[in-house]
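Participant: Just the structure for this:
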Amino acid sequence: MTEFLIHSKRCFIDHQFTEATLHIKNNKIHNIHLGYHDAVTIPFLDYNNLIVMPGIIDAHVHINEPGREDWEGFDTATKAAAIGGVTTLIEMPLNASPVTTNIKSFLLKQDASKGKLHVNCGFYGGVIPTNKKDIEDLIKAGVFGIKGFLSHSGIDEFPNVSKLDLEAIAPILKQYDMPLLLHCELTDDDVPEVTNPKSYQEYLHSRPQHWETNAIDLAIAIQEKFDIKVHIVHLSASEGIERIKKRKKETNKLTVETCPHYLYFNAEAIPDESPIFKCAPPIREKANNNKLWDFLLDDGFNFLASDHSPAPPERKQLESGDFFKAWGGISGLQFTLPVLFSEGQKRGLQTEKLIPLLTKKPAEFLGIDDKKGDLAVGFDADITIWDDTEEFTISEDSIQHQHKATPYLNEAVFGKVIHTFVNGVQVVENSTLKTLQQGQLLLKDR
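Facilitator: Below you'll find the predicted structure:
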């Protein structure tokens, strides 16, 4: 269908739910009729009381192709995204081989995605100590930001950067108004000696909050000195909140995200010998995560993202149970909406506040809010339709990720995605993949 109508009593338009009929034509939202609007000559999809909203934009995803397709690839990742109502994702520069730190590797990654994109996909470039000369070329080629680690990334070919490395590229980022995304952990030796590598509490204590706050202080200093856009990815330490709030009162160029796993799980409930929960920074205590929720409810986070970072079961040390040898990353791209909606319901998070954190807000961060992130005339017809009343249990047979291992397995959640449209084409119908290869490669306009 190149032209059709979508009707619901709960379309999310202008920050509120309203009955409306969307007229989709040539992959765009051609018109919006408030109320019920039937047309005899055009196919009419009536979704009654289901929520119709802009497609989710996940601005933090690791796909690992080329080079580590056995971890995850574009085909499986974007199928999972579609099933989860994610219509656009931005892929991180590490975990693939080669890492995306120069033009050659960026072109290889684009080439690897051809014929495998079931949702829209853009990319970040990476900064490492040796690639200052490559940053401008990556920006001109269309990356959406430059990502760096302040501690070891887990991938030897993507080493962490220093303050001097960041200061060296800051003028280039300033010139192009390009965000610097930072993994904020600054490691030191001020941690207890490990006596039981299978203990979650020992893993948690091995990555203390002050590692994050030290790195956040550095990130804020760089932002302030050079007046550049700096984005703190996956905040887990509540001790960083006041620093961030203070700087955000002074500038709109400091932004911050957190992820579903920091809001849904807590350290007290994580058993030993269960490195499926390992990520860096770690999932912290309940009291800490309550403060993250307070910050979210107070409009502190700019957006929410999955930080989907999968690995094969043997890399996750699922048999040995060793947290310190396991790959650190949570597999959760497919479950962002139901996980956040379900926990949010318990916390008093209004759905009208959740939806922009997954749609309009990441679109603004990426600079694509003129065409994505809203149900508005002229926008791309990326649309997610879901049932907020339906409870379901996350089961292996429903998981589209390359590997079924995820801490969300067997969790009972509300908020099931029923239909997904990408660029005006229905890619998911009744929670089942319908039409593939409808995603587009996204490059940042320069």
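
Participant: ranges for the helices of the stretch 251-400 of the chain?
Facilitator: Secondary structure of the stretch 251-400 of the chain (DSSP state H, counting those that start in this stretch): helices at 260-264, 286-297, 336-347, 351-358, 360-366.

Participant: And the stretch 51-200 of the chain, by the same measure?
Facilitator: 74-83, 103-113, 132-141, 163-176, 200-205.

Participant: Need the winner for burial among these.
Facilitator: helix 74-83 (a mean of 26; mean count of other C-beta atoms under 10 Å). C-beta: built from backbone N, CA, C; applies to glycine.

Participant: for that helix, packing partners?
Facilitator: Judged by 3 or more C-beta pairs under 8 Å, 6 or more residues apart in numbering; DSSP states H and E, helix 74-83 is in contact with strand 56-61, strand 86-91, strand 412-422, strand 425-429, strand 432-433.

Participant: possible to save the helices of the stretch 51-200 of the chain as TSV with distance to residue 10?
Facilitator: Listed next are the helices of the stretch 51-200 of the chain as TSV, based on distance: least, C-beta to C-beta, whole Å:
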stretch	distance to residue 10
helix 74-83	21
helix 103-113	34
helix 132-141	40
helix 163-176	40
helix 200-205	40
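
Participant: Tell me which of those sits nearest to residue 308.
Facilitator: helix 74-83 (7.2 Å; C-beta to C-beta).

Participant: contact partners of that closest one?
Facilitator: 58, 61, 63, 65, 87, 89, 112-113, 116-119, 121, 308, 333-334, 398-402, 417, 420, 422, 427-428, 431, 433, 436, 439 (C-beta atoms under 8 Å, 6 or more residues apart in numbering).

Participant: picking that back up, relative to residue 165, which of the helices and strands packed on helix 74-83 is closest?
Facilitator: That would be, of the helices and strands packed on helix 74-83 and by C-beta to C-beta, strand 56-61, which comes in at 21.5 Å.

Participant: Now do that closest one: everything it contacts.
Facilitator: So strand 56-61 is in contact with 77, 81, 84-92, 144, 233-234, 257, 259, 303, 305-308, 333, 336-337, 358-359, 362-363, 365-366, 368, 372-373, 384, going by C-beta under 8 Å, 6+ apart.

Participant: angle of it against helix 351-358?
Facilitator: Per axes from the mean of the first three to the mean of the last three C-alpha atoms, to 10 degrees, the angle that strand 56-61 makes with helix 351-358 is 40 degrees.

Participant: before we move on, the earlier item: Throw together a PyMOL command that grabs the buried residues out of the contacts of helix 74-83.
Facilitator: Selecting only the buried entries of those in PyMOL, with 16 or more other C-beta atoms under 10 Å as the criterion:
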select buried, resi 58+61+63+65+87+89+112+113+116+117+118+119+121+308+333+334+398+399+400+401+402+417+420+422+427+428+431+436+439
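
Participant: Just want the most central residue of this protein.
Facilitator: For the chain, residue 305 is the residue whose C-alpha lies nearest the centre (C-alpha atoms, centre = their mean; 2.9 Å).
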